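>>> predicted model follows, preceded by the sequence.
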Amino acid sequence: MAIKVQVKEVEISAVRSQGAGGQNVNKVATAIHLRFDVRASSLPEGIKRRLLALNDSRITEGGIVIIKSQSHRTQEQNRAAALERLQSLVDQAATPPKPRRPTKPSRRAKERRLESKSKRSAVKTLRKGVAGEFQQPVAPPTF
């Protein structure tokens, strides 16, 4: 199921890039800020719900996806990269999660667990002092 994001629903603005780059970075707005309002979009309701439920820092509490692209030298390349990242986010939400099938441990696994617990218990029991032997109580340290 291929759901395409409508470009007319995306707000794109060009801003100056950050970081090194010399004069070009200081005078040309090549970075792209992309804003996509999930709630006002034409996406199906199920995809909207899954998209808003994603644990992604690019999605605000108001349901707006904000993507910044500044890795390329031209505005067109950054615009294409930002739209591609938005589309991949929508594609991720479009695939429904697999239903969980509850499982339970096998009888042998339960037996192994109980055996290991009893062995560990035996080891700890053997570490205790011998019955009838006098043991000095240890005084608490004074500070």
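Everything's here; your move.
>>> in stretch 57-70, what counts as buried?
Residues of stretch 57-70 classed as buried: I59, V65, I67, K68, S69, Q70 (neighbour count, 16 or more other CB atoms under 10 Å). Glycine gets a C-beta too; all of them are placed from N, C-alpha and C.
>>> where do the strands of the protein begin and end?
Applying DSSP state E to the chain gives strands spanning 10-15, 31-37, 64-69.
>>> the longest one versus strand 10-15: what angle between them?
Here strand 31-37 runs at 160 degrees with respect to strand 10-15, directions being taken by axes from the mean of the first three to the mean of the last three CA atoms, to 10 degrees.
>>> tell me the confidence at the spatially most central residue of the chain?
The residue lying closest to the centre of the chain (CA atoms, centre = their mean) is N55, at 5.4 Å. Per-residue confidence at N55 stands at 87 (pLDDT).
>>> which ones are touching it?
Taking CB atoms under 8 Å, 6 or more residues apart in numbering as the contact definition, N55 lies against nothing.
>>> then N78?
T30, A31, I32, S69, Q70, S71, H72.
>>> and for N26, the neighbour number?
9 (other CB atoms under 10 Å).
>>> that one and A20, how far apart?
11 Å (CB to CB, to the nearest Å).
>>> rewinding a little: now the buried residues of stretch 57-70 in a markdown table, with distance to A2 and pLDDT?
Below are the buried residues of stretch 57-70 laid out as a markdown table (distance: CB to CB, whole Å; pLDDT from 0 to 100):
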| residue | distance to A2 | pLDDT |
| --- | --- | --- |
| I59 | 21 | 89 |
| V65 | 19 | 92 |
| I67 | 20 | 93 |
| K68 | 26 | 93 |
| S69 | 22 | 92 |
| Q70 | 28 | 89 |
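>>> max pairwise distance over those: which two?
I59 and Q70 (19.6 Å; CB to CB).
>>> neighbouring contacts of the helix or strand of the chain at the bottom of the mean pLDDT ranking?
None of the helices or strands of the chain scores lower by mean pLDDT, DSSP states H and E than helix 23-27, at a mean of 75. Contacts to helix 23-27, defined as CB under 8 Å, 6+ apart, come from residues R16, S17, Q18, G19, T30, R73.
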